[in-house]
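Asker: predicted model and sequence below, questions to follow.
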Amino acid sequence: MSSIKGTYQLIFDDLRWYFMLFSTITLGLSVIYLLISFMFNIPSGTEAALFGPTFGGICTFAVAGLVIPIQVAIGLGSTRVQFLKSYNVMASLMVVASITFLNLLYLIMNFLFDKGINKFHFFHAGEWYSTNYHFFSYYWIDLMIGFFILGISSLIAVLIRRLGVLNFLILLVGISIIITLSSITGYIPTIFGWILENNVLMIFTILGIVGMILQSLTFPMMKNAPLKMKSRE
């Protein structure tokens, strides 16, 4: 087996494990909601959420799939460039597969809701775009959120690896202060209001593109990164 194929296989095995784990949790959560609908007399349209395990799985793979297998891949003869290319492909596949699975569950649960079998209404960011369920619009919004979570999670993992925990926390505090000052001056509420008043679908698309840009930044940052995390000194 070539080093390139071996690297892809190494990361794909991790992808398959994380996908199966978090998809099973999401499916189990759906079954629990259905059982509650059958067993208890709850009002139709009770608010609930289903997206947590899916986005959590993307976040987990973004970090674990990047920082854990790299030493194994290098030890097996791969290069950092080969590993990062494989990781980016598999990370994108993780997002697409997870979001597809989640939205197929949304489709099924929405159908069961219309039939009166499911009593829960699941919150979805797509409701800012349209309160009426539209599969492709909702799917696209989830996909963009998934890529944003992937990008921000992997970037944070790389920053911690390059800077060390202490330096990263100092950076995080600085960013938090800037965000706090922005909220006091009214910039953040203004931005949020502008998002809701304008094309929500376009805003989420931009959010997804930002996530892809953040993801691409991990390539040059990890290309010459040490195999072990920076010490606290």
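Answerer: Good, I have the coordinates.
Asker: low-scoring stretches of this protein, by residue?
Answerer: Across the chain, the stretches falling below the confidence threshold (pLDDT under 70) are 1-4, 162-198, 224-233.
Asker: could you point out the longest helix of it?
Answerer: Looking only at the chain and at elements set by DSSP state H, the helix with the highest residue count is helix 3-39.
Asker: give me the distance from it to the chain's centre.
Answerer: Centre-to-centre, helix 3-39 and its host chain are 14 Å apart (C-alpha atoms, centre = their mean, to the nearest Å).
Asker: now swap in stretch 95-111 and tell me
Answerer: Centroid separation for stretch 95-111 versus its chain: 14 Å, with C-alpha atoms, centre = their mean.
Asker: could I have the CA atoms of that stretch written out in CSV?
Answerer: The C-alpha trace of stretch 95-111 is given here as CSV (Å, rounded to 0.1, in the frame of the first residue of the first chain):
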residue,chain,number,x,y,z
VAL,A,95,-19.4,17.4,6.9
VAL,A,96,-21.3,16.4,3.8
ALA,A,97,-22.1,12.9,5.1
SER,A,98,-23.2,14.1,8.5
ILE,A,99,-25.4,16.9,7.3
THR,A,100,-27.0,14.6,4.7
PHE,A,101,-27.8,12.1,7.4
LEU,A,102,-29.2,14.8,9.7
ASN,A,103,-31.4,16.3,7.0
LEU,A,104,-32.8,13.0,5.9
LEU,A,105,-33.8,12.5,9.6
TYR,A,106,-35.4,16.0,9.5
LEU,A,107,-37.3,15.0,6.4
ILE,A,108,-38.6,11.8,8.0
MET,A,109,-39.5,13.5,11.3
ASN,A,110,-41.2,16.3,9.4
PHE,A,111,-43.3,13.7,7.5
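Asker: next, the buried residues of that stretch.
Answerer: Of the residues in stretch 95-111, those with enough neighbours to count as buried (16 or more other C-beta atoms under 10 Å) are 95, 97-99, 101-103, 105-106, 109-110. In short, each C-beta sits where N, CA and C put it, glycine included.
Asker: for whatever helix or strand comes next after the longest helix of the chain, packing partners?
Answerer: Elements were assigned by DSSP states H and E; along the chain past helix 3-39, the next helix or strand is strand 46-48. Counting contacts by 3 or more C-beta pairs under 8 Å, 6 or more residues apart in numbering; DSSP states H and E, the secondary-structure elements packed against strand 46-48 are strand 120-122.
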